[in-house]
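J.: Output the structure for:
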Amino acid sequence: MPEKIVHLKHQVCDYSCMWNGIEDIYMTKTGEEIPQFFFFCLSGVGNIAYLKRKDEWLPRQLIFGDGRPKKIYGNISEIAGFTFKFAEGRTFPNALKGIKEQIDVGKPVVLGPLDMFHLPYLKFYHKFHIPIHYILMVGYNDETQSIYVLDCGKEEMQTLPLEDLRMAWEIEKSSVGGANEFVKIEFADSLKSTREIAELALRKKAKEMLEPQVSFVGVKGLRKAAKELPGWESELSPQGYKNSLMNILEFLGTVPKLPNIVMGFDAPEDEGMLYQACREKMGNMLKTLGETYHSRNWKDAAELFFKSGKCFEEVAGHLIRFLNKGENQLEEIPLLFEKIADLETAAYQLLL
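T.: Presented below is the predicted three-dimensional model:
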């Protein structure tokens with residue numbers, strides 16, 4: 001078959017690459033409209049983990065969202081009504097054969113992680129290596145030796161030459177995936193509505209954040225970090241301390257990325273890149289749901305997450321000034337963490 005395309009409804013939602021294609025399939029099958037960042041907020045956005053590691057280079061990690069595909073897909077796959085299977089081609093031709101077989105039976109495929117350095121329609125093309133991107137393959141053309149993809153940040157279907165795909169797919173294995181990896185997605189014939197999925201998934205997330213099985217995750221994890229952070233400087237090596245602070249700042253970004261000013265780049269921050277730990281995304285999603293379905297609890301929870309996001313932005317400001325100028329007001333950060341914990345506790349109680 002020289003050319004095959006599976007046509008889908010597509011919603012542009014930048015920075016949501018791991019979920020964007022799956023959301024497109026859901027919207028096409030159901031005809032439902034969903035808020036921006038819907039599945040991402042229900043699964044990974046807002047998750048908190050405080051990790052103490054036996055690693056001198058990075059002994060402490062405080063993470064404010066989960067971007068591991070296998071974990072976050074599993075968080076809501078049963079609620080949203082889909083199954084997923086990760087596959088990894090031993091070679092590029094082997095992987096290409098596998099994904100084309102899926103398209104031939106009308107099933108789009110999530111490809112990734114990919115290095116954005118090799119995707120010609122992106123601004124990072126041949127500029128920056130960022131090996132964490134995902135796209136939805138919806139077709140191929142044997143005559144032009146290319147595939148057709150939907151990308152979270154692009155409105156139109158994009159054409160990706162196979163040689164660019166091959167290079168983008170050749171990445172080192174990491175926590176988000178490995179070379180030539182793709183995800184087969186299968187939705188059930190009968191699916192829940194957007195409202196039903198939101199109600200079930202938000203209650204599940206709220207319970208996990210308020211009543212975690214271990215003390216280093218959820219709101220408890222944040223309070224534990226607030227209590228212990230003042231002792232990091234004396235407990236850790238100077239480099240380990242600095243790296244741990246930089247890691248906090250990195251995970252406050254819309255995507256895990258240090259601000260340009262900290263990286264030494266004399267350039268403005270990318271448009272849309274905020275350091276609010278994606279709480280603004282959670283707030284916007286809940287606000288849209290609340291207005292659509294006339295839920296006061298969802299709208300009130302949205303306002304609490306907006307406030308939480310502003311507190312995270314203050315945390316980022318203190319870290320940037322310390323790392324960039326040596327201005328030390330880090331004693332404010334534990335107080336902000338406690339305030340965030342209070343705000344998010346109230347928000348999750350509303351979501352229960």
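
J.: use CA for all of it now, contacts and neighbours both
T.: OK.

J.: Over to Ile185: give its phi and psi.
T.: Recorded main-chain torsions at Ile185 are phi -120, psi 130, according to degrees, to the nearest 10.

J.: tell me the SS of the nearest residue to it once chain neighbours are set aside?
T.: The shortest distance from Ile185 to any non-neighbouring residue, by CA to CA, 6 or more residues apart in numbering, is to Phe84 (4.8 Å). Local secondary structure at Phe84 is given as strand here, using DSSP: H, G, I helix; E, B strand; the rest coil.

J.: Tell me which residues are up against stretch 45-65.
T.: Outside stretch 45-65, the residues within contact range by CA atoms under 8 Å, 6 or more residues apart in numbering are 44, 66, 209, 216-219, 221-222, 224-225, 236-237, 239-241, 243-244, 247-248, 251-252, 277-279, 282.

J.: from those, which ones fall inside helices?
T.: Filtering the contacts of stretch 45-65 for membership in helices, criterion DSSP state H, returns 209, 218-219, 221-222, 224-225, 239-241, 243-244, 247-248, 279, 282.

J.: buried stuff in stretch 118-125?
T.: By neighbour count on 16 or more other CA atoms under 10 Å, the buried set for stretch 118-125 is His118, Leu119, Pro120.

J.: Just the closest of these to Asp14, please.
T.: Sorting the buried residues of stretch 118-125 by distance to Asp14 puts Leu119 at the head of the list, at 15.4 Å, by CA to CA.

J.: My guess is the closest one contacts Ala168. True?
T.: Yes - using CA atoms under 8 Å, Leu119 and Ala168 qualify as a contacting pair, with a distance of 6.9 Å.

J.: quick one: the strands in this protein?
T.: When assigned using DSSP state E, the strands of the chain occupy the ranges 3-5, 45-52, 60-65, 82-88, 109-114, 133-141, 146-150, 158-161, 181-187.

J.: Determine which stretch of those strands is the most buried.
T.: strand 109-114 (a mean of 26; mean count of other CA atoms under 10 Å).

J.: Give me the domain ranges for the chain.
T.: 3-33+82-187, 194-351 (automatic domain parsing).

J.: Please state the mean pLDDT value computed over the last one.
T.: Just to be clear, that refers to domain 194-351. Summarised as a single mean, pLDDT over domain 194-351 is 95.

J.: Could you do the shortest one as well?
T.: Model confidence over domain 3-33+82-187, given as mean pLDDT, is 95.

J.: got the end-to-end distance for that domain?
T.: For domain 3-33+82-187, the first and last residues are 24 Å from each other (CA to CA, to the nearest Å).

J.: And for stretch 120-128?
T.: Distance across stretch 120-128, first residue to last, is 12 Å (CA to CA).

J.: Would you mind measuring from Ser244 to Asp55?
T.: The value you get for Ser244 to Asp55, if CA to CA is used, is 11 Å.

J.: more neighbours, these two?
T.: Ser244 (20 against 9; other CA atoms under 10 Å).

J.: ok, that one - contacts?
T.: Ser244 sits in contact with Leu58, Pro59, Arg60, Gln61, where contact means CA under 8 Å, 6+ apart.

J.: What residue, apart from its backbone neighbours, is nearest the third one spatially?
T.: Excluding the flanking residues, the one nearest Arg60 by CA to CA, 6+ apart is Lys52, at 4.8 Å.

J.: Show me where the stretch 201-350 of the chain has its helices.
T.: Per DSSP state H, counting those that start in this stretch, the stretch 201-350 of the chain has helices spanning 218-228, 232-235, 238-250, 260-263, 279-293, 296-325, 332-351. These are given in chain order.

J.: Quick one: the ones you listed as a markdown table, columns for distance to Ser190 too.
T.: Compiled in a markdown table, these are given as follows (distance: least, CA to CA, whole Å):
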| stretch | distance to Ser190 |
| --- | --- |
| helix 218-228 | 33 |
| helix 232-235 | 51 |
| helix 238-250 | 40 |
| helix 260-263 | 46 |
| helix 279-293 | 22 |
| helix 296-325 | 26 |
| helix 332-351 | 26 |
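
J.: closest one to Pro131 among the ones you listed?
T.: Taking CA to CA as the measure, those were each checked against Pro131, and helix 238-250 came out nearest at 15.8 Å.

J.: List the buried residues of the closest one.
T.: Judged by neighbour count (16+ other CA under 10 Å), helix 238-250 contains these buried residues: Gly240, Tyr241, Lys242, Asn243, Ser244, Leu245, Met246, Asn247, Ile248, Leu249, Glu250.

J.: same thing with stretch 308-326?
T.: Of the residues in stretch 308-326, those buried by neighbour count under the rule 16+ other CA under 10 Å are 308-323.
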